[in-house]
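In: A predicted structure for the sequence below; I have some questions about it.
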Amino acid sequence: MLLRTHSISLRYGDGDTLTYAVRNVTMEVPATGFFGIMGPSGSGKSSLLYLMSGLKRPTEGTVHYGDQCVSAMSSRDLAILRRKEFGFVFQQPFLLNYLTARENVLTAASQGVAATTSVDEILSSLSILHLADRVPAHLSGGEKQRIAVARAMVNTPRVIFADEPTAALDRTNGLAVMELLKSYRDKGLVIVVTHDETMLAGADCVYHMDDGQLHHIARPAA
Ligand SMILES: Nc1ncnc2c1ncn2[C@@H]1O[C@H](COP(=O)(O)OP(=O)(O)O)[C@@H](O)[C@H]1O
Ligand SMILES: [Mg+2]
């Protein structure tokens, strides 16, 4: 299994203000596939994703990525790991307004990866090459999020972490963005957090969170 958490918790505050955003979660996911984490607002989904991706450190427990102990790495090594191996998609696309879609994707490319040709290959494979020369002001919300997905893929990461990538979109655009993310399931691991289970149709596995705990695991029919 590529990514493993062992009894991780994330605590905020102490005494009267003590809250567990994540409580004693043990899980493991393989190197490829499309996995969902769902649960109501405040259940700890984002916190769990941040712990798995090294954006936050657990207050208890350990996170392993391959043979590396993520939760024990220095901040510098963590930053390098994230840049080399992980791609991120958030609820908002966070594009730079003065750059075209192509330039926005190119900006995220590591040295050596880049060149406009490989960016255009990604845009083409996601069927969004026709958006390449537009600036964000001339893109719809759904189009901007498609560009954000392309940006997350530009360094061919081993893992893509997506936190509520469809929450700001209508259903049609939401499903289209999920299809782009799903298309990466054979190339690497895709983990998507959402409160909308209908966005996770066809996932290899869906984890349910409630009150910081991972309650049960469902394997959707299709
Ligand atoms: N920086 C913080 N300080 C204190 N509590 C926090 C902080 N971030 C998150 N929490 C709490 O942790 C719990 C889980 O939050 P979060 O992971 O954002 O849930 P979700 O993504 O499922 O909405 C919530 O009760 C939230 O209020
Ligand atoms: Mg969240």
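Out: Yep, that arrived. Numbering: from 1, shown residues only. Ligands and ions are numbered 1, 2, ... in the order given.

In: For the rest of this, base every contact and every neighbour count on C-alpha atoms.
Out: Fine.

In: Next one: stretch 203-214, is it in contact with ligand 1?
Out: No: residues of stretch 203-214 are not located near ligand 1 by C-alpha under 6 Å from any ligand atom, the shortest gap being 6.6 Å.

In: Where does pLDDT dip in this structure?
Out: Applying pLDDT under 70 to the chain flags residues 112-117, 218-222.

In: and stretch 108-128, how far from the chain's centre?
Out: Once both centres are worked out by C-alpha atoms, centre = their mean, to the nearest Å, stretch 108-128 turns out to sit 19 Å from its chain's centre.

In: my guess is Q213 contacts V25, does it?
Out: Yes: look at Q213 against V25 with C-alpha atoms under 8 Å: they come within range, at 6.3 Å.

In: nearest residue to Y50 other than its sequence neighbours?
Out: Distances taken as C-alpha to C-alpha, 6 or more residues apart in numbering put K56 closest to Y50, at 5.3 Å, once the chain neighbours are dropped.

In: My guess is that neighbour contacts T62. True?
Out: No: between K56 and T62 there is no contact under C-alpha under 8 Å: 11.8 Å.

In: who's more crowded, these two?
Out: T62 (21 against 17; other C-alpha atoms under 10 Å).

In: in its sheet, what does the host helix or strand of the more buried one sit against?
Out: Secondary structure from DSSP states H and E places T62 in strand 60-65. According to DSSP bridges, strand 60-65 forms sheet pairs with strand 3-12 (antiparallel), strand 68-69 (antiparallel).

In: what's that strand in contact with?
Out: Residues from elsewhere that reach strand 60-65, judged by C-alpha atoms under 8 Å, 6 or more residues apart in numbering: 2-10, 24, 51-52, 69-72.

In: got the buried residues for it?
Out: For strand 60-65, the neighbour count (16 or more other C-alpha atoms under 10 Å) marks E60, G61, T62, V63, H64, Y65 as buried.

In: What of stretch 39-58?
Out: For stretch 39-58, burial by neighbour count (16+ other C-alpha under 10 Å) applies to 39, 43-58.

In: Could you tell me the end-to-end distance of that stretch?
Out: End-to-end distance for stretch 39-58, by C-alpha to C-alpha, to the nearest Å: 20 Å.

In: do stretch 11-21 as well
Out: From its first residue to its last, stretch 11-21 covers 6 Å (C-alpha to C-alpha).

In: Get me the contact residues on this protein for ligand 1.
Out: Residues of the chain lying close to ligand 1 by C-alpha under 6 Å from any ligand atom are Y12, A21, P40, S41, G42, S43, G44, K45, S46, S47.

In: Apply 8 Å and report the result again.
Out: Neighbours of ligand 1 within the chain, by C-alpha under 8 Å from any ligand atom: 11-13, 19-22, 38-48, 163, 193, 195, 209, 211-212.

In: where's the residue nearest in space to the middle of the chain relative to H216, distance?
Out: By C-alpha atoms, centre = their mean, the chain has its centre lying nearest to F161, at 1.5 Å. To H216, F161 is 20 Å away according to C-alpha to C-alpha.

In: now the strands for the protein?
Out: Secondary structure of the chain by DSSP state E: the strands cover 3-12, 19-29, 33-38, 60-65, 68-69, 86-89, 159-163, 189-194, 205-210, 213-218.
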